[in-house]
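S.K.: What follows is a predicted structure for the sequence shown.
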Amino acid sequence: MRFIKIWLLLVVIVLAGGLFYFSESFTANSTETVDNTEIGGPFSLTDQHGKKISDQNFKGKFMLIYFGFTNCPGTCPVDMAAMTEALKKLGDNAKKIAPIFITIDPKHDTPQHLTKYLKNYYPAFTGLTGTEAELTSTRKEYKVFAEESAAGVFNHSSHIYLMDKDGKYLTHFDSGIDAGELATKIKEYL
């Protein structure tokens, strides 16, 4: 009996140590500070109407940018719905904002497919796609991670970026943010 108690105690200590190690590693990696001036930059992509669009088309408006894909099974629709509700809560202030959805899946997210997808969300959304090279460059500018799995689903970072009227980074919001909280925080920058 004493042997089992000692063995269980050792297992608990090893598990606790492993948990501490991994939580410290995760915390260190997730709290790395990035110079905010490095987030964002120029892009030239194709909108849901097949028209070439660049960041310059949005000068004079705040950009609310989300990177995702239309076949996303969970995170993307939740965040897009939160953005939609937040924009509705902002009322006339929403006119100061250009909401933008940038795909990470150019193979499937054609302009026509983006048009259908965006009908479910705030009417002013601009959907952007492009070549793999164009989208990779844009993701790099915004520090967005995206990797396709064997099943065709993407693992990707999920942040909502708020850029100022000149396209400069202001802040970002984590995935899963409540629409009311998002609206309140956006309003602080308008």
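M.R.: Nice, thanks for sending it over. Residues are numbered from 1 along each chain as shown.
S.K.: CA only for contacts and neighbour counts going forward, please
M.R.: Will do.
S.K.: could you pull out the helices for this protein?
M.R.: Taking DSSP state H, the helices of the chain run over residues 2-30, 75-89, 111-118, 132-141, 179-187.
S.K.: State the mean pLDDT of the fourth one.
M.R.: Helix 132-141 shows a mean pLDDT of 92 in the predicted model.
S.K.: Off-centre distance for it?
M.R.: Here helix 132-141 shows a centroid-to-chain-centroid distance of 14 Å under the convention CA atoms, centre = their mean, to the nearest Å.
S.K.: Mind giving me the packing neighbours of that helix?
M.R.: Helix 132-141 is packed against strand 44-47, with contacts defined by 3 or more CA pairs under 8 Å, 6 or more residues apart in numbering; DSSP states H and E.
S.K.: For the strand it packs on, which strands pair with it and how are they oriented?
M.R.: Within its sheet, and counting by DSSP bridges, strand 44-47 is paired with strand 52-54 (antiparallel), strand 126-129 (antiparallel).
S.K.: and P42, how many neighbours?
M.R.: Neighbourhood size, P42 [other CA atoms under 10 Å]: 12.
S.K.: where does the protein dip in pLDDT?
M.R.: Applying pLDDT under 70 to the chain flags the ranges 1-37, 150-156.
S.K.: Domains in it, by residue range?
M.R.: For the chain, the structural domains run 1-32, 36-187, going by automatic domain parsing.
S.K.: among those domains, which is the most enclosed?
M.R.: Mean neighbour count (mean count of other CA atoms under 10 Å) peaks for domain 36-187 among those, with a mean of 18.
S.K.: Could you give the separation of that one from the chain centroid?
M.R.: 7 Å.
S.K.: rewinding a little: now distance to L190 too, for the strands paired with strand 44-47, in JSON lines please.
M.R.: Formatted as JSON lines, the strands paired with strand 44-47 follow (distance: least, CA to CA, whole Å):
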{"stretch": "strand 52-54", "distance to L190": "22"}
{"stretch": "strand 126-129", "distance to L190": "20"}
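S.K.: Which among those strands is found nearest to K165?
M.R.: Across the strands paired with strand 44-47, K165 has its closest neighbour in strand 52-54 (14.0 Å, CA to CA).
S.K.: Enumerate every residue touching L45.
M.R.: Shown in contact with L45 (CA atoms under 8 Å, 6 or more residues apart in numbering): K52, I53, S54, L128, T129, G130, E134, L135.
S.K.: Any idea what it is bridged to?
M.R.: In beta-bridge terms (that is, DSSP bridges), L45 pairs with I53.
S.K.: Next one: it from L90, what distance?
M.R.: 27 Å (CA to CA, to the nearest Å).
S.K.: No more questions from me, cheers.
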